[in-house]
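Peer 1: sequence below, structure please.
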Amino acid sequence: MSKTPIEFKGSIFTLSVIHVHDVKPDAIRQAIEKKVAQAPEFLKDAPVVINVSNIEQNICWKEFSKTILSTGLHVVGISGCSDVKLKQAIINSGLPLLTEGKILKHNDTASSIIKETRCIHMPVRSGQQIYAQNSDLIVIGSVNAGAELIADGNIHIYGTMRGRALAGASGNTDSQIFCTSFFPELISIAGQYCLNDQIPTEYLYKSIRLCLQNGTITIHPLI
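Peer 2: Residues are numbered from 1 along each chain as shown. Okay, here's the model as predicted:
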């Protein structure tokens with residue numbers, strides 16, 4: 001049976017969104033370089049989305065985009081743009097305008113978003129990505145380095161966690177991560193992330209619970 005030359009399929013990718021609050025080139029470049037230096041394994045040469053919703057001043061788009069690219073990041077799209085002239089400048093530069101998903105507020109009910117639970121009854125291999133849309137994710141087994149778990153709700157791992165876990169992917173700040181043996185490459189809750197070398201050693205290979213408190217990821221013993 002002959003196949004068509006291409007196929008369109010939906011997929012999920014992990015992208016960092018940079019929310020810009022200042023248009024001064026030096027300030028932007030220094031801030032990005034500082035962040036990249038803190039997490040080079042995660043951010044060096046990374047694809048990113050630039051959110052410009054908090055900028056009220058006029059932007060020289062050519063200079064602005066040149067500043068971002070000088071840091072080594074790869075801009076794949078722009079979000080949060082409401083200015084007509086800026087939108088046209090972005091389109092003329094060849095970048096797409098993106099619409100981000102809804103970010104839940106603290107008074108939003110998680111039950112209105114999280115509808116079910118996705119359960120994986122086997123180890124997750126390196127290179128695999130599992131996404132639990134509008135649900136919690138449970139993995140009964142270990143998660144190898146190079147594997148990635150993404151859930152709009154909570155993530156539970158009943159095994160050793162060596163990969164990446166991103167809970168609250170749709171912005172739910174009440175989401176949590178539970179793990180029986182904790183040694184991840186990266187963990188994230190509602191866009192806030194923490195790398196392996198930022199985790200206190202007393203929590204490694206322990207049973208833990210992670211949640212957000214005042215916008216910061218905190219780690220608590222599970223047992």
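
Peer 1: okay, buried residues for stretch 120-131 please.
Peer 2: For stretch 120-131, burial by neighbour count (16 or more other CB atoms under 10 Å) applies to 120, 124, 129-131. Heads up, the C-betas are built off the backbone N, CA and C, glycines and all.

Peer 1: give the buried residues for the helix-or-strand element of the chain with minimal mean pLDDT.
Peer 2: One helix or strand of the chain scores below all others by mean pLDDT, DSSP states H and E: helix 40-43, with a mean of 73. By 16+ other CB under 10 Å, the buried positions in helix 40-43 come out as 42-43.

Peer 1: who are the packing partners of it?
Peer 2: Using 3 or more CB pairs under 8 Å, 6 or more residues apart in numbering; DSSP states H and E, the elements in contact with helix 40-43 are strand 192-195.

Peer 1: helices and strands around the strand it packs on, which ones?
Peer 2: The contact analysis (3+ CB pairs under 8 Å, 6+ apart) places strand 192-195 against helix 40-43, strand 186-189, strand 216-221.

Peer 1: OK, contacts around residue 74?
Peer 2: Neighbour list for residue 74: 45-48 [criterion: CB atoms under 8 Å, 6 or more residues apart in numbering].

Peer 1: sorry, that was for residue 97
Peer 2: Here residue 97 is in contact with 77-79, 81, 87, 90-91 (CB under 8 Å, 6+ apart).

Peer 1: for PyMOL, write a command that selects the buried ones of those.
Peer 2: Restricted to buried positions by 16+ other CB under 10 Å, the PyMOL selection for the contacts of residue 97 reads:
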select buried, resi 77+78+79+81+90
